[in-house]
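Q: build me a structure from this.
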Amino acid sequence: MSNAAEEIVMATPSEERYVRTVLNAFDTLFNKRDYASAERFWSPRYIQQRAHSARPRRALWPDQADARDVALRESHRRGDR
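A: Numbers count the residues shown, from 1 in each chain. Okay, here's the model as predicted:
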């Protein structure tokens, strides 16, 4: 007997392509820190849903972040809570 919870669901080719694109985008932005290349993955109209970010899309790119975002990142890096 097959249990629905035990069945393996295969992703469609378009879902696999989507997952690869998303992983590549985040790897490019956060791991490689290749900000120029990462910009192609985000729309100019992208809205970052972070309450502490004054400038929604620009908060993703450190050279464009405002001082508040930079200070917050530094406090997280040091482990301040």
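Q: residue 38: neighbour count?
A: Residue 38 has 19 neighbours, counted by other CB atoms under 10 Å. Yep, even glycine has a C-beta here, placed from its N, CA and C like the rest.
Q: so which helix or strand takes in it?
A: Assigned by DSSP states H and E, residue 38 falls within helix 35-38.
Q: got the buried residues for that helix?
A: Neighbour-count burial for helix 35-38, counted by 16 or more other CB atoms under 10 Å, picks out residue 38.
Q: alpha carbons of that helix, as CSV, please.
A: This file holds the C-alpha atoms of helix 35-38, laid out as CSV (Å, rounded to 0.1, in the frame of the first residue of the first chain):
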residue,chain,number,x,y,z
TYR,A,35,26.2,43.2,-6.7
ALA,A,36,26.4,44.2,-10.3
SER,A,37,25.5,40.7,-11.5
ALA,A,38,22.8,40.3,-8.9
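Q: now that helix: average pLDDT?
A: In this model, helix 35-38 has an average pLDDT of 89.
Q: where's residue 34 relative to residue 44, distance?
A: Residue 34 sits 18 Å away from residue 44, taking CB to CB, to the nearest Å as the criterion.
Q: what about the two, which has more around it?
A: residue 34 (11 against 6).
Q: isn't that one up against residue 28?
A: Yes - using CB atoms under 8 Å, residue 34 makes contact with residue 28 at a distance of 5.2 Å.
Q: check contacts around the nearest residue to residue 41 once chain neighbours are set aside.
A: Spatial nearest neighbour of residue 41, chain neighbours left out: residue 25 (3.7 Å); criterion: CB to CB, 6 or more residues apart in numbering. By CB atoms under 8 Å, 6 or more residues apart in numbering, the contact set of residue 25 is 38, 41, 42.
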